[in-house]
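Novice: Output the structure for:
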Amino acid sequence: MSRKYTVARISIKGKNFEILVNPDPALAYKEGKSIPLSEVLVTETIFSDANKGLRASENELKTAFGTTNIQKISEIILKRGFLQITAEQRRRMIEEKRRQIIAIIAKQCVDPRTKLPHPPMRIQQALEQVHFSADPFKDAEEQASEAIALIRSVLPISIERITVSVKIPSRYVGKAYGTVKSFGKIKNESWGSDGSLTAVVEMPAGLYGSFLEKLGKITHGSVESEILK
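Specialist: Model (predicted):
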């Protein structure tokens, strides 16, 4: 197999099924971007072992996928299966994930001595000092929590938290409730006679701006919010 191609594979009922793909379009496709399969697939062939050039039989395809349609099977493999990535792709993904982690830490944390956020460069230097390695496939928020615990040994850092009261008009509650919950811990909620929701939420201080921005878009600017403490 040429180095410029990679493999996407899935195992169903003990059988392996593989396709040859172009690395960057395949990764973009798996990430949910709108990429034509014609740009992703190197060849419209389903293999049992791509390196050996062994093709899966029609009977195996029918048993595993319920169809022999190459396009439909390829979609399933790409969306549900494992995609082999290149060293360059992995490097780019790690760099992007590290940037996300640093941005999260910069938003959520402060220097307890000054109560001011640490500059991103200082956070990056602290991560390098503790030899933190970003996982390209792991959630950035989760990794940020792990990173904060590590860099506390070399950088004075604390998560400044605030308590916020937010009132959402009834017609937007369905769309906005999940967003409110995702930003912090709902400590109390009450419902008005008109169906509006008033919630008291505890969250990292650095997220308050994003919190207001997202709720503002959902409610078309009709959200009411204030910091309680």
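Novice: I'd like the average pLDDT over the one helix or strand Gln89 maps to.
Specialist: Assessed by DSSP states H and E, Gln89 sits inside helix 87-108. On average, the pLDDT along helix 87-108 is 93.
Novice: next one: stretch 213-229
Specialist: 92.
Novice: picking that back up, CA atoms only for the helix holding Gln89, dumped as PDB, please.
Specialist: Output of helix 87-108 as PDB, limited to C-alpha atoms (Å, rounded to 0.1, in the frame of the first residue of the first chain):
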ATOM      1  CA  ALA A  87       2.200  11.000  11.700                       C
ATOM      2  CA  GLU A  88       1.600  14.500  10.400                       C
ATOM      3  CA  GLN A  89      -2.100  14.400  11.100                       C
ATOM      4  CA  ARG A  90      -1.500  13.200  14.600                       C
ATOM      5  CA  ARG A  91       1.000  16.100  15.100                       C
ATOM      6  CA  ARG A  92      -1.500  18.600  13.900                       C
ATOM      7  CA  MET A  93      -4.300  17.200  16.000                       C
ATOM      8  CA  ILE A  94      -2.100  17.200  19.200                       C
ATOM      9  CA  GLU A  95      -1.200  20.900  18.500                       C
ATOM     10  CA  GLU A  96      -4.800  21.800  18.100                       C
ATOM     11  CA  LYS A  97      -5.900  20.000  21.200                       C
ATOM     12  CA  ARG A  98      -3.100  21.600  23.200                       C
ATOM     13  CA  ARG A  99      -4.300  25.000  22.000                       C
ATOM     14  CA  GLN A 100      -7.800  24.200  23.100                       C
ATOM     15  CA  ILE A 101      -6.600  23.000  26.500                       C
ATOM     16  CA  ILE A 102      -4.600  26.200  27.000                       C
ATOM     17  CA  ALA A 103      -7.500  28.400  26.000                       C
ATOM     18  CA  ILE A 104      -9.800  26.600  28.500                       C
ATOM     19  CA  ILE A 105      -7.300  27.000  31.300                       C
ATOM     20  CA  ALA A 106      -6.800  30.700  30.500                       C
ATOM     21  CA  LYS A 107     -10.600  31.200  30.700                       C
ATOM     22  CA  GLN A 108     -11.200  29.200  33.800                       C
END
